[in-house]
Structure formats: C-alpha cells, structure tokens
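*Asks:* model this:
(one chain, ligands or ions: 2)
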Amino acid sequence: MAFKSGFVSILGKPNVGKSSLVNAIIGEKVSITSPKPQTTRNKILGIHNTPNYQMVFVDTPGVQNTKTALGEYMSKASTSGGEGSDAIVILLDATSVNDTDYNLIKKYQNAKVPVYVVVNKIDLSSFEKLYPVLDKLNKFDFVKKFFTISALKKQNLDILLEDLENCLPEGEPLYPTDTYTDRPIKFIAAEIIREKALLYLQQEIPHGIAVEITKFDEAEDSTKIEADIICESERHKKIIIGAGGSMLKKIGMSARVEISNALDSNTSVKLFVKVKPNWRDSKYLLSDLGYNDKDL
Ligand SMILES: Nc1nc2c(ncn2[C@@H]2O[C@H](COP(=O)(O)OP(=O)(O)O)[C@@H](O)[C@H]2O)c(=O)[nH]1
Ligand SMILES: [Mg+2]
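*Replies:* Ligands and ions are numbered 1, 2, ... in the order given. Reported below is the predicted structural model:
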C-alpha cells in the first residue's frame, strides 16, 4: 500500500480538549493544556508518524476575544486552522454542548473535505446525558461520522484514527518522520513553563503572561535554561514571585521535571520575572515573544 500523508484540523470552543486530544494521539506534549480557557495561543502542528501514514494535526486556539493584538493574533491562528486540511474534526465537550458548538458545526456544512464531530470527555458523562446531545447532532447530515471519545482516558482514539486515515491522500511525508511537531524545542520549553504558570497562578494573571527563553545551552547530558516570565504590572510580578520566591520556585521545579522528560536530558530552569505593561498590545513585543503573523 502506498504511503499517505496529510493534515487534520482540530476545531472547537476553548477548553473542549483540542490540545489534550493531539497530545494523546501523539503521545508527547505537543501543545500545553489547562483547565483555563485560551491556553493555546498559536497554531501548532502535532505530527503523528506511523509506518503507513503521516497525519499532521493542526491544533488551534478556540477564540472569540479580539480586544488586544494578542487576541487578534489568536483569532487569526484559530480561523486559519481549517484551510488546506484533508479532514476537519470539530471537538465538543460532552459536559458543555451548546449553541456555540452547533453554530460552529453549521459553518462547515459546505466544507470540501470530510467533517467529523467528536464528543470528548465522555468519562465525565453518561449515556443518559449524552443521548439527547447525539440525537441533536444526528440532524447535521453533512457530518461524515460522529465519535464519542475521552482524550484523557485514551478511549476510542483508535477508531477515530482509522477513519481519519482514510481521508489522507497518497503522498510522501510532509515533515521529517522523526519529529512530532513543527515547533522548535525552545518553543515547547517556553510553553511548558507557561503551562505551569497557568496551573499555579490564579484568575486573570495567566492571560497576561508570556515566557521568553533567554538562555538555552544544550550540553552532552544536561541543558541549562533561563527564561523571563513577562507580566503586565508590578502587582502581578509580586504574585508570580510569591512569598520568598516560593511561587516562582514551584513553577520552575515542575517545569524542570517536564522539560527534562521532553528533552530526555537533565535540565535546569532558572526563571526571572519582568514587567512589560501592555505587551499584549504591542505588535513589536508580540513578535519578539514568538507570536508572529508569518507562522499562520
Ligand atoms: N475528564 C476529562 N478531561 C479532559 C479530557 N480532555 C481534556 N480534558 C481537560 O480539559 C481541560 C482543557 O483541555 P485542553 O486540551 O487545554 O482544551 P483546549 O482549550 O480545547 O485545547 C484540561 O484541564 C484537560 O485536562 C477528557 O477526555 N476527560
Ligand atoms: Mg488548546
């Protein structure tokens, strides 16, 4: 059988589990996840390599807010996701299906490629609760197939993949088959640090932070990383540092464990906090921090 390769876009509201699904299929942390909406800021490719095919997943932010230049960038990253793919997966959260989801599905009724609707987080639901949702979804007759999955428990991912494989055209691999993302490892490291900050910091602060790697020294068996956590005010800076540096230490330590795993190398992580008011509104700072229009 000839080798196949192509793109699959994962679309959906914030927080439905798009990044979790891509990570679960690929088995590596390609895209960070968190219980807070709007965790993903860029369009990120997750590359699933098998002996028979290469399936490139396009993970996007699921975004509505365009009040800042960052929001605008994220919105662009999210709408450019569906273009040029060989299949579209619209992901729903079993516990929060509503009109936003139904409207999103409708938007793809004239899509030129197969559209799949996938209900995620079934581990949090039951058949009784799911049934009325599935009944309503069935009315979208242009949808090629419906799946119910759990990205967290890795349920039904195999049957979803089998169907998606059929959508791929014959062709050579689009990316080197020994890579699992288009993003450089420095980007992944910065994102892991941001994920830990998202995890430990409360409320509005995470949306106003960015991470910039300032030093990335790879030696034979160890990697030294230094990074700035950029925030918007002195008040936020205090909170990010925490009493006696405790918060910064917590973020650094858990990031270190995960980056060491990702790099397969003993890693040290040293964090600093910098205040750059309004960085989210400065095109110049945004591109400095890795949010480049040219990547979309
Ligand atoms: N219980 C459960 N939680 C999930 C599942 N998939 C994702 N999540 C959680 O949902 C939250 C949002 O996931 P994320 O992948 O960041 O969503 P995204 O914004 O769509 O990329 C995270 O806390 C995930 O751990 C699932 O199948 N079951
Ligand atoms: Mg995401």
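*Asks:* What residues sit buried inside the longest helix seen in the chain?
*Replies:* Looking across the chain with DSSP state H, the single longest helix is helix 246-263. Neighbour-count burial for helix 246-263 flags 247-248, 250-252, 254-256, 258-260, 262-263 (criterion: 16 or more other Cβ atoms under 10 Å). Backbone N, C-alpha and C define where each C-beta goes, glycine included.
*Asks:* What of stretch 77-95?
*Replies:* 77-78, 81-82, 85-94.
*Asks:* before we move on, what about stretch 216-233?
*Replies:* 216, 223, 225, 227-232.
*Asks:* distance of the closest residue to ligand 2 within the stretch 51-200 of the chain from residue 179?
*Replies:* Nearest residue of the stretch 51-200 of the chain to ligand 2: residue 59, at 6.1 Å (Cβ to the ion). For residue 59, the distance to residue 179 equals 15 Å [Cβ to Cβ, to the nearest Å].
*Asks:* So which of those two has more stuff around it?
*Replies:* Using other Cβ atoms under 10 Å as the criterion, residue 59 and residue 179 rank with residue 59 on top: 25 against 12.
*Asks:* and the gap between that one and ligand 1?
*Replies:* 7 Å (Cβ to the nearest ligand atom, to the nearest Å).
*Asks:* and that residue, what are its bridge partners?
*Replies:* residue 10, residue 44 (DSSP bridges).
*Asks:* could you redo the buried residues of stretch 216-233 as a markdown table and give each row distance to ligand 2?
*Replies:* As requested, the buried residues of stretch 216-233 are exported to a markdown table (distance: Cβ to the ion, whole Å):
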| residue | distance to ligand 2 |
| --- | --- |
| 216 | 24 |
| 223 | 25 |
| 225 | 23 |
| 227 | 21 |
| 228 | 23 |
| 229 | 20 |
| 230 | 20 |
| 231 | 21 |
| 232 | 22 |
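*Asks:* Okay, and which of those residues map to strands?
*Replies:* Residues of those located in strands (DSSP state E): 216, 223, 225, 227-231.
*Asks:* Format the residues you listed as a markdown table; extra columns: distance to residue 288.
*Replies:* Listed next are these as a markdown table, based on distance: Cβ to Cβ, whole Å:
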| residue | distance to residue 288 |
| --- | --- |
| 216 | 16 |
| 223 | 23 |
| 225 | 18 |
| 227 | 14 |
| 228 | 11 |
| 229 | 14 |
| 230 | 10 |
| 231 | 15 |
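*Asks:* Same list, the residues you listed, but only the ones touching ligand 1.
*Replies:* Near ligand 1, taking Cβ under 6 Å from any ligand atom as the test, no member of these is found.
*Asks:* Need those in JSON lines (columns: pLDDT).
*Replies:* Shown next, in JSON lines, are these (pLDDT from 0 to 100):
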{"residue": "216", "pLDDT": "95"}
{"residue": "223", "pLDDT": "94"}
{"residue": "225", "pLDDT": "97"}
{"residue": "227", "pLDDT": "97"}
{"residue": "228", "pLDDT": "97"}
{"residue": "229", "pLDDT": "97"}
{"residue": "230", "pLDDT": "96"}
{"residue": "231", "pLDDT": "95"}
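*Asks:* Find the pair from these with maximum spatial separation.
*Replies:* 223 and 231 (24.9 Å; Cβ to Cβ).
*Asks:* which outside residues touch the lowest-mean-pLDDT helix or strand in the chain?
*Replies:* Ranked by mean pLDDT, DSSP states H and E, the helix or strand of the chain with the weakest confidence is helix 69-79, at a mean of 81. Outside helix 69-79, the residues within contact range by Cβ atoms under 8 Å, 6 or more residues apart in numbering are 11, 38, 41-43, 60-66, 280-283, 286, 291, 293, 295-296.
*Asks:* and if we set it to 7 Å?
*Replies:* 41-43, 60-63, 65-66, 280-283, 286, 291, 293, 296 (Cβ atoms under 7 Å, 6 or more residues apart in numbering).
*Asks:* Could you do stretch 245-262 as well?
*Replies:* Residues contacting stretch 245-262 (Cβ under 7 Å, 6+ apart): 29, 188-189, 192-193, 196-197, 200, 225, 239-242, 266-269, 271, 273.
*Asks:* Spell out which parts of the stretch 151-296 of the chain neighbour ligand 1.
*Replies:* For the stretch 151-296 of the chain, the residues in contact with ligand 1 (Cβ under 6 Å from any ligand atom) are 151-152.
*Asks:* let's go with 8 Å and repeat that
*Replies:* Within the stretch 151-296 of the chain, the positions adjacent to ligand 1 are 151-153, 155 by Cβ under 8 Å from any ligand atom.
*Asks:* Repeat that for the stretch 1-150 of the chain.
*Replies:* Near ligand 1, when you scan the stretch 1-150 of the chain using Cβ under 8 Å from any ligand atom, you find 12-21, 23-24, 31-35, 37-40, 59, 61-62, 91, 93, 120-124, 149-150.
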